[in-house]
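# just coords:
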């Protein structure tokens, strides 16, 4: 295969690479979707791009579509921060701070240990261990000097583990009937005014953030503005599934195409210790959930899903199909993401200074 994907390519050969990439993306997506993994829309194209790059391919995603795709993800996160979750946070803010603080201490300690042991280069392990939205943490990590490839490797590996463990726990602890996960309706009716407003927010927010050189701005600018406009009733964020799928594919291709054989070898060597840190974090969060059950009289499944470390979209789907306190679960997941978003860069810089590391090393 590599002789078809080598360098010095004609337009026809480059077109063949794109065709292979598209076919593999669809194939990997369908395989992952069959396992009900919520991140399949991004992981499928990323896995396809990694396979093409490892085979010697030279496909590269242009910068501007990648910038706009980050804006789409920012709007997606903004759309998930609903008034119900915000009111839940305000009502139980002391409990939220204690639980979220405990999870952050655990995750940052594990990230610090991986950094100190030089399992991954630079601040990569710190960002990879952050229990926020995987796509957001991956994109922010690059803006603050970490290796986006290995951060994605850590974040999405944790998404897989969290989704599998949370699904198993929900089956064990379920006390009521479970609903089936709804099928994706790829082309639903679209509120065109809301969709047009969303496109304007994505375009102006992400591109202006680049012009102003705001760190992680293409993601953060539409996110912050979107939360304000949505929750004040000034706009409706509309993101059709087909539009999200295309945006996730762009992000996945951009990250996956940067993988090289040396980086894959490095990831494989780090895999046992990264898996150990993920399982340790899941176990610690399970312990925090147990304390919530006893101290705050919260049912076990609600407590577990609320404290589950990352993969908020995975948790949302599992919680929606289980007999749990869904507003509490999503409020805890959302508030943790907001706190990680606000504190992540400062924590990474603080720990990096004390470990003598500042950014990624060449691999």
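Thanks, I have it. None of the values given here were measured: they were computed from a predicted structure. Numbers count the residues shown, from 1 in each chain.
# can you give me the helices for the stretch 251-363 of the chain?
Assigned by DSSP state H, counting those that start in this stretch, the stretch 251-363 of the chain shows helices spanning 261-296, 300-307, 312-320, 326-355.
# Tell me who's in contact with the nearest residue to residue 336 once chain neighbours are set aside.
Closest residue in space to residue 336, ignoring its immediate chain neighbours: residue 100 at 4.7 Å, by C-beta to C-beta, 6 or more residues apart in numbering. The C-beta positions use only the backbone N, C-alpha and C, and glycine is treated the same way. When contacts are counted by C-beta atoms under 8 Å, 6 or more residues apart in numbering, residue 100 touches 332, 335-336, 339.
# Among the residues you listed, which one has the most neighbours?
Counting neighbours by other C-beta atoms under 10 Å, the top entry in the contacts of residue 100 is residue 332, with 29 neighbours.
# Next up, the contacts around the residue lying closest to that one once chain neighbours are set aside.
Residue nearest to residue 332 in three dimensions, not counting chain neighbours: residue 306, with 3.9 Å by C-beta to C-beta, 6+ apart. Counting by C-beta under 8 Å, 6+ apart, residue 306 touches 99, 289, 292, 298, 328-329, 332-333.
# In TSV: the residues you listed, plus distance to residue 150.
Shown next, in TSV, are the contacts of residue 306 (distance: C-beta to C-beta, whole Å):
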residue	distance to residue 150
99	28
289	29
292	32
298	35
328	34
329	30
332	28
333	24
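# Among these, which one lies nearest to residue 40?
Lowest distance from residue 40 to these (C-beta to C-beta) belongs to residue 333, with 19.4 Å.
# tell me, what residue is most central in this structure?
residue 134 (1.8 Å; C-alpha atoms, centre = their mean).
# tell me the mean pLDDT for stretch 118-128?
In this model, stretch 118-128 has an average pLDDT of 85.
# Is residue 235 in contact with residue 229, as I believe?
Yes: counting by C-beta atoms under 8 Å, residue 235 does reach residue 229; the two are 4.4 Å apart.
# what residues are shared contacts of these two?
Going by C-beta under 8 Å, 6+ apart, residues that sit against residue 235 and also against residue 229 are residue 201.
# Residue 144 and residue 215 touch, don't they?
Yes: counting by C-beta under 8 Å, residue 215 is a contact partner of residue 144 at 6.3 Å.
# re earlier: quick check: which of the helices of the stretch 251-363 of the chain is nearest to residue 242?
Closest to residue 242 of the helices of the stretch 251-363 of the chain is helix 312-320 (C-beta to C-beta; 17.4 Å).
# Flag the shaky bits of the stretch 251-363 of the chain, pLDDT-wise.
Where the stretch 251-363 of the chain drops to pLDDT under 70, the residues are 310-314, 316-322, 355-363.
# Please read the previous query as pertaining to the stretch 1-150 of the chain.
For the stretch 1-150 of the chain, applying pLDDT under 70 flags the ranges 1-10, 38.
# now, of the helices of the stretch 251-363 of the chain, which is deepest in the fold?
Greatest average neighbour count among these goes to helix 300-307 (a mean of 25), per mean count of other C-beta atoms under 10 Å.
# what's the angle from that helix to helix 326-355?
40 degrees (axes from the mean of the first three to the mean of the last three C-alpha atoms, to 10 degrees).
# any idea how far the residue nearest to the centre of the chain is from residue 104?
Distance of residue 134 to residue 104, given as C-beta to C-beta, to the nearest Å: 16 Å.
# Quick one: closest of the helices of the stretch 251-363 of the chain to residue 116.
Minimum separation from residue 116 across these (C-beta to C-beta) falls at helix 326-355, 5.8 Å.
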